[in-house]
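Asks: Sequence plus the predicted model coming up.
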Amino acid sequence: MPVQSQMRLALSLPERYDYGDWIRHDGVDEACDRMALWCVHGGSLWLRSLDPAGKTHLLRTLARESDNFALLEVSVLSDQPAWQLVEQWMRELEGSSMWMLDVQPGVLAVPVAQALFHCLERARDQQRAVTLAWRGDVTALPPELSSRLLAMEQCVLAPPSDDDALLNILHSSAGRLQWEIRQQVLQAMLTYLPRQLDVLIPALRELERRSFEQHHRPGPAWLKQQLTGIAAELHPRLI
């Protein structure tokens, strides 16, 4: 019987954030429970973490569940003044009763920080439920925003603490690619790459791209070569 070669579409598949794809583990249990309460009772909540832990994925899966949720993606950089950012954001948020602000990790530009403060104030004035997800140094923020964040209820997420949970997340991510990926490939990723979600998920896509470009099915030798190269590009000091 002839072996069928794996075909790839000439376009990238869109990102899919279904709640069924969300992998619940010890590091996110508290945040999942608190978000469930927030969906019913509202309030103001800050989702934070020291490392990448899936905050964006969680908010995007919830945003697909109901039209009552408005999800705003906030970049840390902007060449617009704060008042323009606030006006722009309000056009996206004000039609919904529950606001979710997914803020890019890192140091916030001053206009962005000021706009976030005014956005949180408007949520309070208009009695909107608000959840903000951001990873960064709160002491580097303008005092009005840092005090506002510290006054919110906080939930700390953590990345998976064991390989089984990491493998489940990788397997779920692999299911959204145009690639039939064996479990041995995912195991090899944990061997040669740091166990960090912001490294593993992009590396999975890079492996897919290289496999199709090189017309190469991932065997042990090829995998070791590619993953060692990816690790050297991402973390040169590890090699």
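Replies: Noted; the coordinates are in hand.
Asks: Any stretches of this protein with poor pLDDT?
Replies: For the chain, residues meeting the criterion pLDDT under 70 lie at 1-24, 175-180, 234-239.
Asks: List the contacts of the residue nearest to the spatial centre of it.
Replies: Note on the chain: the residue nearest the mean C-alpha position is T56, at 3.3 Å, using C-alpha atoms, centre = their mean. Applying C-beta atoms under 8 Å, 6 or more residues apart in numbering, we find T56 in contact with 102, 133. (Each C-beta comes from the backbone N, C-alpha and C, glycine too.)
Asks: Start at 491, not 1
Replies: With 491 as the first residue, the last one maps to T546.
Asks: helix, strand or coil for it?
Replies: Following DSSP: H, G, I helix; E, B strand; the rest coil, T546 is assigned to helix.
Asks: quick one, domains of this structure?
Replies: 509-647, 653-728 (automatic domain parsing).
Asks: quick one: the longest one to chain centroid distance?
Replies: Its chain's C-alpha centre lies 12 Å from the corresponding centre of domain 509-647 when counted by C-alpha atoms, centre = their mean, to the nearest Å.
Asks: same question, the last one
Replies: Between the centre of domain 653-728 and the centre of its host chain there is 18 Å, according to C-alpha atoms, centre = their mean.
Asks: I671 touches S662, doesn't it?
Replies: No. Using C-beta atoms under 8 Å, I671 makes no contact with S662, being 11.3 Å away.
Asks: More neighbours: those two, which one.
Replies: Higher neighbour count among I671 and S662: I671, with 19 against 15, using other C-beta atoms under 10 Å.
Asks: Now do the SS call for that one.
Replies: coil.
Asks: those strands in the chain, which residues are they?
Replies: Taking DSSP state E to define them, one finds strands in the chain at 534-539, 559-564, 588-593, 619-623, 643-647.
Asks: most packed of these?
Replies: Burial of the strands of the chain is given as mean neighbour count (mean count of other C-beta atoms under 10 Å); strand 619-623 ranks first at a mean of 25.
Asks: and that one, which strands flank it?
Replies: strand 534-539 (parallel), strand 588-593 (parallel) (DSSP bridges).
Asks: Show me what the first one is in contact with.
Replies: For strand 534-539, the surrounding residues in contact (C-beta under 8 Å, 6+ apart) are 521, 524-525, 528, 545, 548-549, 610, 613-614, 619-625, 639, 642-649.
Asks: how does it look with 6 Å?
Replies: For strand 534-539, contacts defined as C-beta atoms under 6 Å, 6 or more residues apart in numbering pick out 521, 528, 545, 620-623, 625, 639, 642-647.
Asks: tell me the angle it makes with strand 643-647.
Replies: 20 degrees (axes from the mean of the first three to the mean of the last three C-alpha atoms, to 10 degrees).
Asks: go on, the last one?
Replies: Between strand 588-593 and strand 643-647, the angle comes out at 50 degrees (the same axes, to 10 degrees).
Asks: Measure how strand 588-593 sits relative to strand 559-564, angle-wise.
Replies: Going by the same axes, to 10 degrees, strand 588-593 makes 20 degrees with strand 559-564.
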